[in-house]
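Enquirer: Quick check, what structure comes out for this input:
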Amino acid sequence: YNAVAWAIENGITNGFADGTFGVNSTCTRGQSVTLLYRALGKAPTTVNGFTDVAADAFCADTVAWAVESGVTNGTSASTFSPNNGCTRAQIVTFLYRMQNSPESKAENPFTDVKADAYYANAVLWAVENGVTTGVSATTFDPAGDCTRGQIVTFLYRCLSK
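Expert: Below is the predicted model:
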(Lines give C-alpha, C1' and ligand atoms only; values in the text may rest on other atoms or scores of the structure.)
Protein backbone atom coordinates (compact mmCIF):
# COMPACT_ATOMS: atom_id res chain seq x y z
CA TYR A 1 0.00 0.00 0.00
CA ASN A 2 2.66 2.53 1.02
CA ALA A 3 4.70 1.89 -2.12
CA VAL A 4 1.70 2.32 -4.43
CA ALA A 5 0.62 5.49 -2.62
CA TRP A 6 4.19 6.84 -2.87
CA ALA A 7 4.41 6.04 -6.59
CA ILE A 8 1.11 7.77 -7.36
CA GLU A 9 1.80 10.76 -5.10
CA ASN A 10 5.19 11.33 -6.72
CA GLY A 11 3.94 11.01 -10.31
CA ILE A 12 5.94 7.84 -10.92
CA THR A 13 2.82 6.00 -12.09
CA ASN A 14 -0.91 6.20 -11.84
CA GLY A 15 -3.83 3.86 -11.56
CA PHE A 16 -6.12 2.67 -14.32
CA ALA A 17 -9.25 4.47 -15.53
CA ASP A 18 -11.43 2.03 -13.56
CA GLY A 19 -9.88 3.22 -10.28
CA THR A 20 -7.62 0.22 -9.76
CA PHE A 21 -3.82 0.07 -9.73
CA GLY A 22 -3.37 -3.41 -11.18
CA VAL A 23 -0.92 -4.59 -8.52
CA ASN A 24 -0.96 -8.09 -9.99
CA SER A 25 -0.60 -7.02 -13.63
CA THR A 26 2.70 -7.98 -15.24
CA CYS A 27 4.90 -4.95 -15.79
CA THR A 28 6.68 -4.79 -19.15
CA ARG A 29 10.30 -3.84 -19.75
CA GLY A 30 9.15 -0.54 -21.26
CA GLN A 31 6.93 0.23 -18.27
CA SER A 32 9.66 -0.76 -15.82
CA VAL A 33 12.29 1.60 -17.20
CA THR A 34 9.63 4.31 -17.35
CA LEU A 35 8.97 3.91 -13.62
CA LEU A 36 12.71 4.14 -12.86
CA TYR A 37 13.09 7.16 -15.12
CA ARG A 38 10.22 9.01 -13.49
CA ALA A 39 11.40 8.15 -9.97
CA LEU A 40 14.82 9.63 -10.68
CA GLY A 41 13.63 12.57 -12.77
CA LYS A 42 16.30 11.92 -15.38
CA ALA A 43 16.37 12.84 -19.06
CA PRO A 44 18.29 11.21 -21.90
CA THR A 45 20.78 13.02 -24.08
CA THR A 46 20.64 10.43 -26.85
CA VAL A 47 17.92 8.86 -28.96
CA ASN A 48 17.06 5.20 -28.55
CA GLY A 49 18.29 3.13 -31.46
CA PHE A 50 16.10 0.04 -31.12
CA THR A 51 14.02 -1.12 -34.06
CA ASP A 52 11.17 -2.18 -31.77
CA VAL A 53 10.88 1.17 -29.93
CA ALA A 54 9.33 3.82 -32.18
CA ALA A 55 10.48 7.41 -31.69
CA ASP A 56 6.97 8.34 -30.53
CA ALA A 57 6.50 5.33 -28.21
CA PHE A 58 5.58 6.10 -24.58
CA CYS A 59 8.89 4.64 -23.47
CA ALA A 60 11.21 5.97 -26.22
CA ASP A 61 12.93 8.53 -23.97
CA THR A 62 13.00 6.22 -20.97
CA VAL A 63 14.59 3.40 -22.95
CA ALA A 64 17.21 5.84 -24.28
CA TRP A 65 17.92 7.04 -20.73
CA ALA A 66 18.13 3.50 -19.30
CA VAL A 67 20.62 2.37 -21.93
CA GLU A 68 22.62 5.62 -21.83
CA SER A 69 22.81 5.39 -18.01
CA GLY A 70 23.95 1.77 -18.03
CA VAL A 71 20.83 0.63 -16.18
CA THR A 72 20.07 -1.87 -18.92
CA ASN A 73 20.68 -2.70 -22.53
CA GLY A 74 18.64 -4.32 -25.23
CA THR A 75 17.62 -7.93 -25.53
CA SER A 76 19.76 -7.87 -28.69
CA ALA A 77 21.88 -5.27 -30.47
CA SER A 78 18.81 -3.92 -32.28
CA THR A 79 15.86 -4.74 -29.98
CA PHE A 80 14.75 -3.75 -26.50
CA SER A 81 11.57 -5.90 -26.25
CA PRO A 82 9.55 -3.16 -24.52
CA ASN A 83 6.37 -5.24 -24.45
CA ASN A 84 7.93 -8.33 -22.88
CA GLY A 85 7.29 -8.89 -19.21
CA CYS A 86 10.05 -7.61 -16.94
CA THR A 87 11.45 -10.49 -14.90
CA ARG A 88 12.43 -10.41 -11.25
CA ALA A 89 16.08 -10.80 -12.30
CA GLN A 90 15.84 -7.88 -14.71
CA ILE A 91 14.25 -5.41 -12.31
CA VAL A 92 16.66 -6.10 -9.45
CA THR A 93 19.51 -5.75 -11.96
CA PHE A 94 18.10 -2.40 -13.16
CA LEU A 95 17.91 -1.16 -9.56
CA TYR A 96 21.36 -2.54 -8.71
CA ARG A 97 22.93 -0.77 -11.67
CA MET A 98 20.98 2.39 -10.86
CA GLN A 99 22.76 2.27 -7.48
CA ASN A 100 26.18 1.92 -9.21
CA SER A 101 26.43 -1.85 -8.67
CA PRO A 102 27.51 -1.91 -5.01
CA GLU A 103 29.31 -4.98 -3.75
CA SER A 104 27.30 -7.46 -1.72
CA LYS A 105 28.79 -9.58 1.02
CA ALA A 106 25.70 -11.76 1.36
CA GLU A 107 25.77 -15.53 1.05
CA ASN A 108 23.59 -16.90 -1.74
CA PRO A 109 20.68 -18.89 -0.25
CA PHE A 110 18.95 -19.41 -3.61
CA THR A 111 19.29 -22.66 -5.55
CA ASP A 112 17.95 -20.96 -8.70
CA VAL A 113 20.52 -18.12 -8.72
CA LYS A 114 23.79 -19.43 -10.12
CA ALA A 115 26.96 -17.56 -9.12
CA ASP A 116 27.81 -16.75 -12.75
CA ALA A 117 24.35 -15.42 -13.72
CA TYR A 118 24.32 -11.78 -14.89
CA TYR A 119 21.88 -10.98 -12.08
CA ALA A 120 23.55 -12.91 -9.21
CA ASN A 121 25.16 -9.90 -7.51
CA ALA A 122 22.04 -7.81 -8.05
CA VAL A 123 19.85 -10.42 -6.34
CA LEU A 124 22.20 -10.68 -3.36
CA TRP A 125 22.39 -6.87 -3.09
CA ALA A 126 18.60 -6.55 -3.28
CA VAL A 127 18.02 -9.12 -0.55
CA GLU A 128 20.84 -7.78 1.64
CA ASN A 129 19.41 -4.25 1.41
CA GLY A 130 15.77 -5.15 1.99
CA VAL A 131 14.64 -4.32 -1.56
CA THR A 132 13.11 -7.77 -1.98
CA THR A 133 13.25 -11.35 -0.77
CA GLY A 134 13.02 -14.69 -2.47
CA VAL A 135 9.72 -16.36 -3.23
CA SER A 136 10.81 -18.94 -0.65
CA ALA A 137 13.80 -19.40 1.64
CA THR A 138 15.74 -21.16 -1.11
CA THR A 139 14.32 -19.80 -4.39
CA PHE A 140 14.28 -16.35 -5.97
CA ASP A 141 12.40 -17.12 -9.22
CA PRO A 142 14.62 -14.95 -11.43
CA ALA A 143 12.63 -15.73 -14.60
CA GLY A 144 9.27 -14.94 -13.00
CA ASP A 145 7.44 -11.91 -14.35
CA CYS A 146 7.37 -8.94 -12.00
CA THR A 147 4.05 -7.24 -11.28
CA ARG A 148 3.32 -3.52 -11.06
CA GLY A 149 2.90 -3.88 -7.30
CA GLN A 150 6.23 -5.65 -6.90
CA ILE A 151 8.14 -3.18 -9.04
CA VAL A 152 6.87 -0.06 -7.26
CA THR A 153 7.57 -1.80 -3.93
CA PHE A 154 11.15 -2.65 -4.98
CA LEU A 155 11.66 0.90 -6.23
CA TYR A 156 10.16 2.41 -3.06
CA ARG A 157 12.39 0.29 -0.83
CA CYS A 158 15.46 1.02 -2.93
CA LEU A 159 15.00 4.79 -2.97
CA SER A 160 13.89 5.01 0.66
CA LYS A 161 17.30 3.83 1.87
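Enquirer: Would you quantify the distance from residue 137 to residue 84?
Expert: Going from residue 137 to residue 84 by Cβ to Cβ, to the nearest Å gives 29 Å. All C-beta spots, glycine's among them, are computed from the backbone N, C-alpha and C.
Enquirer: Have a look at the two and say which one is more surrounded.
Expert: residue 84 (16 against 8; other Cβ atoms under 10 Å).
Enquirer: I'd say that one and residue 26 touch.
Expert: No. Residue 84 lies out of contact with residue 26 (Cβ atoms under 8 Å); the separation is 9.4 Å.
Enquirer: Now for the nearest residue to residue 137 once chain neighbours are set aside, how many residues are close by?
Expert: Leaving aside its sequence neighbours, residue 137 sits nearest to residue 109 (Cβ to Cβ, 6 or more residues apart in numbering; 6.6 Å). Neighbours of residue 109 under the rule other Cβ under 10 Å: 15.
Enquirer: Check which helix or strand residue 109 maps to.
Expert: Assigned by DSSP states H and E, residue 109 falls within no helix or strand.
Enquirer: Name the SS class of the residue of the chain most remote from its centre, please.
Expert: Here the chain reaches farthest from its C-alpha mean at residue 18, the gap being 25.0 Å by Cα atoms, centre = their mean. Going by DSSP: H, G, I helix; E, B strand; the rest coil, the secondary structure assigned to residue 18 is coil.
Enquirer: give me phi/psi at it?
Expert: phi -80, psi 10 (degrees, to the nearest 10).
Enquirer: per-residue confidence for the residue nearest to residue 137?
Expert: Reported pLDDT at residue 109 in the predicted model: 94.
Enquirer: if I pick it, what's in contact with it?
Expert: Neighbouring residues of residue 109 by Cβ atoms under 8 Å, 6 or more residues apart in numbering: 134, 137, 138.
Enquirer: Give me the helices and strands touching whatever helix or strand residue 126 lives in, please.
Expert: Element membership for residue 126 (DSSP H and E) is helix 120-128. Contacts defined by 3 or more Cβ pairs under 8 Å, 6 or more residues apart in numbering; DSSP states H and E place helix 120-128 against helix 88-98.
Enquirer: on contacts alone, who are the packing partners of the helix it packs on?
Expert: helix 29-40, helix 120-128, helix 148-159.
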